[in-house]
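Visitor: output the structure for:
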Amino acid sequence: MECQSEKNLKTCNCTYPGCSRKGLCCECISYHLQCRQLPACCFPPKVERSYDRSFEAFARAWNL
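Guide: Purely as a prediction, here's the structure:
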């Protein structure tokens, strides 16, 4: 399967300036899960901008 990074970039909400994985969803998800985090696309914009991608931040953001 060919990566559709150009298409993915249109909906990627990552605001981290130096992110090398923008548009590369499989790499992004793999990286964040290894760090015990979730990728930007799992968070509402206000929370995403804090760069706290922890599971705890996810639960707080969605009142879980």
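Visitor: Cys28 and Pro39 touch, don't they?
Guide: Yes - contact criterion Cβ atoms under 8 Å: Cys28 and Pro39 qualify, at 4.8 Å. Bear in mind the C-beta positions are built from the backbone N, C-alpha and C, glycine included.
Visitor: need the overlap of contacts for the two.
Guide: Cys14 (Cβ atoms under 8 Å, 6 or more residues apart in numbering).
Visitor: count of neighbours near Glu48?
Guide: Using other Cβ atoms under 10 Å, the number of residues around Glu48 comes to 20.
Visitor: which ones are touching Ser50?
Guide: If you count contacts by Cβ under 8 Å, 6+ apart, Ser50 has them with Ala57.
Visitor: am I right that it is in a strand?
Guide: No - counting by DSSP: H, G, I helix; E, B strand; the rest coil, Ser50 is not found in a strand; it is coil.
Visitor: and it, how far is that from Ala61?
Guide: 9 Å (Cβ to Cβ, to the nearest Å).
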